[in-house]
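Trainee: prediction below, plus the sequence it came from.
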Amino acid sequence: MKPIDSVLALVRPEILALTPYSSARKESSGGRVWLDANENPLTPHAGAPRLNRYPDPQPPELIARLASLYGVVPDRVLVTRGSDEGIDLLLRAFCRAGQDSIVITPPTYGMYAVAAGIQGAAVRSAPLERDQDFALDVGAVLAAVDASVKLVFLCSPNNPTGQLLACDSVRHVVDALAGRAIVVIDEAYGEFASEPSFAGELAERPNLVVLRTLSKAFGLAGARVGATLATPELIAVLKKIIAPYPIPTPVANAALEALAPHAIAAARRSALGLVEQRRRLAAGLAELPAVRRVWPSDANFLLVEVTDSARVMSVARAAGLILRDRSKDVPNTVRITVGSPEETAFALETLARA
């Protein structure tokens, strides 16, 4: 069996057999007068951008720029509404309700379990090793995988703890599960880290999927633009079940502007600036009486253990400082996003009163 055949064998058979909806824009090419999609030719909003035509489901120019950004060929890219849609599509493609399972490594991003719950898939846990700065427990991950497990989600840099997972450990998991499960590496915060993306390893590891987003380093959280990177055969499967028109025209245009060469350079400078602010914030937090520990981070946030998370959150809220309480994941912790120099100073000044 070819490696890709073993990957496709994990997909729900009814999805493989599905004939996807064929939208008007998939079928149209060229033409001068379009009367195929029941659109309104008389734009009723005077002075507004012309949005009366349905958008391309997967805009070719946007695909090409994302492929260039992530160092892959275009047929390995699916544009999604943020990374979250990629997570949802994978759950729907691989997991049968009441039968299949996923593995997560808590504390980690909550949408993996939420998407599994919506799909009716069970969730198995292989916790990160807290006493080793939340390192990946390879043995626990592999032990959690049985015949029901179709997807293993690894977040690197991890949210909410901030650290990169050791690359050798991740490769060990991917290779050990070849033909048995898909390993999904969520690299939403990859631009803030020093290690290269796993996207460069897709060709040699067909059971690997990489999730990326323009929400963080590119500052497009409000636009909702993500990318699922995988083998062309798996991308073709996901295209069967994605919404007919997932990327609105203004969103595609915003993403294209953000992916112009000068804008990419600006995003990289911004990421470097936030890494420097991360160092400043970590050093300042470590001096505060209410802070017990600041975990190392490769993302644009810090996980901080405090003496009393309820009090810290109360003091912060009273000052108008909004933080994220992560005590449900790690007792007495808050997650603090790295802000501007002024925001960092305000955060340190406020938390000094806690």
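Mentor: Ah, there it is.

Trainee: let me see the ranges of the helices in the protein.
Mentor: 3-8, 13-16, 24-27, 60-70, 82-94, 111-119, 138-144, 167-176, 232-241, 249-258, 261-286, 309-318, 341-351 (DSSP state H).

Trainee: flag every buried residue along the third one.
Mentor: In terms of neighbour count (16 or more other C-beta atoms under 10 Å), helix 24-27 has its buried residues at 24, 25. Where you see a C-beta, it was placed from the backbone N, CA and C, and this is true even at glycine.

Trainee: wait, residue 126 touches residue 137, no?
Mentor: Yes - with contacts counted by C-beta atoms under 8 Å, residue 126 reaches residue 137, the gap being 5.9 Å.

Trainee: which of these two has more residues huddled nearby?
Mentor: residue 126 (21 against 17; other C-beta atoms under 10 Å).

Trainee: related to what we said a few turns ago, of all the helices of the chain, which one is nearest residue 216?
Mentor: helix 261-286 (8.5 Å; C-beta to C-beta).

Trainee: same question for that closest one: list its buried residues.
Mentor: 264, 267, 271, 274, 275, 277, 278, 281, 282, 284, 285.

Trainee: tilt between it and helix 249-258?
Mentor: 80 degrees (axes from the mean of the first three to the mean of the last three C-alpha atoms, to 10 degrees).

Trainee: so what pairs up with the closest residue to residue 230 other than its chain neighbours in the strands?
Mentor: Nearest non-adjacent residue to residue 230, counting by C-beta to C-beta, 6 or more residues apart in numbering: residue 209, 4.5 Å away. Beta bridges link residue 209 to residue 184 when assigned by DSSP bridges.

Trainee: ok, so what distance separates residue 209 from residue 154?
Mentor: 10 Å (C-beta to C-beta, to the nearest Å).

Trainee: quick check: the residue nearest to residue 230 vs residue 168, distance?
Mentor: Counting by C-beta to C-beta, the gap from residue 209 to residue 168 is 19 Å.

Trainee: residue ranges of the strands in the stretch 101-250 of the chain, please?
Mentor: Assigned by DSSP state E, counting those that start in this stretch, the strands in the stretch 101-250 of the chain fall at 101-104, 122-125, 149-155, 182-186, 208-213, 226-229.

Trainee: to residue 51, which of those strands lies closest?
Mentor: Nearest to residue 51, of the strands of the stretch 101-250 of the chain and by C-beta to C-beta, is strand 226-229 at 21.8 Å.

Trainee: pLDDT on the closest one, on average?
Mentor: What strand 226-229 shows for mean pLDDT is 98.

Trainee: likewise for stretch 71-90?
Mentor: 98.

Trainee: pull out the buried positions in that stretch.
Mentor: Neighbour counts over stretch 71-90 (16+ other C-beta under 10 Å) mark 72, 76-90 as buried.

Trainee: pull the most distant pair out of the residues you listed.
Mentor: For the buried residues of stretch 71-90, and using C-beta to C-beta, no pair is farther apart than 72 and 88, which are 21.5 Å apart.

Trainee: which parts of this protein belong to which domain?
Mentor: Following automatic domain parsing, one finds the domains of the chain at 3-259, 263-351.

Trainee: next up, the contacts around the residue lying closest to residue 64 once chain neighbours are set aside.
Mentor: Nearest residue to residue 64 in three dimensions, chain neighbours excluded: residue 74, at 5.6 Å (C-beta to C-beta, 6+ apart). For residue 74, the contacting residues are 60, 63, 64, 67, by C-beta atoms under 8 Å, 6 or more residues apart in numbering.

Trainee: select only the buried ones of those residues in ChimeraX?
Mentor: The buried residues among these can be selected in ChimeraX (16+ other C-beta under 10 Å) with this line:
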select :63,67
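
Trainee: cheers, nothing more for now.
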